[in-house]
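*Asks:* Need coordinates for the below:
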Amino acid sequence: QVQLVESGGGLVHPGGSLTLSCAASGSIFRIYAMGWYRQAPGKLREAVATIDSSGDSNYTGSVKGRFTISRDNAKNTVYLQMNSLKPEDTAVYYCKANARTVVTGRTDYWGQGTQVTVSS
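*Replies:* Numbers count the residues shown, from 1 in each chain. Predicted structure coming up:
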């Protein structure tokens, strides 16, 4: 199994910044893509940013130029630097990792979520 633990959420004013972290642990053989997703009240969960094992990243249009995803493969950790935050960024942010363990094939694993609230 793989466990994902997120941290870094909180309350921030519009225009402010936050950095989310997600650390993976467990019987990991290899981690492939990692990503951040978010779900606002009454809305479907959406992909915010993803990054593959070579560092290639993709962003949803509404966060391009404001958010930056990165990863530290040695620490099995993915980060999301969020700048110029807007009220519409308010959501629960989830980390996802596609990983292979020593006993299972490639599987998607999810973190428990961390709340990000952007409000004045």
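
*Asks:* Any stretches of the chain with poor pLDDT?
*Replies:* The chain contains no residues with pLDDT under 70.

*Asks:* Which parts of it are strands?
*Replies:* Along the chain, counting by DSSP state E, strands occupy 2-7, 10-12, 18-26, 28-39, 46-51, 57-59, 67-72, 77-82, 91-101, 107-110, 114-118.

*Asks:* Can you tell me which helices and strands the fourth one packs against?
*Replies:* Strand 28-39 is packed against strand 18-26, strand 46-51, strand 67-72, strand 77-82, strand 91-101, with contacts defined by 3 or more Cβ pairs under 8 Å, 6 or more residues apart in numbering; DSSP states H and E. In short, each C-beta sits where N, CA and C put it, glycine included.

*Asks:* Give me the distance from the second one to the chain's centre.
*Replies:* In other words, strand 46-51. Its chain's C-alpha centre and that of strand 46-51 lie 7 Å apart, by Cα atoms, centre = their mean, to the nearest Å.

*Asks:* Who does it pair with, and is each partner parallel or antiparallel?
*Replies:* When pairing is defined by DSSP bridges, strand 46-51 lines up against strand 28-39 (antiparallel), strand 57-59 (antiparallel).

*Asks:* Any idea how far apart the tips of stretch 96-107 sit?
*Replies:* Distance across stretch 96-107, first residue to last, is 10 Å (Cα to Cα, to the nearest Å).

*Asks:* contacting residues for the residue lying closest to residue 48 once chain neighbours are set aside?
*Replies:* Ranked by Cβ to Cβ, 6 or more residues apart in numbering and with sequence neighbours excluded, the top spatial neighbour of residue 48 is residue 36, at 4.5 Å. Applying Cβ atoms under 8 Å, 6 or more residues apart in numbering, one finds that residue 36 lies in contact with 20, 22, 47-50, 69, 78, 80, 93-96.
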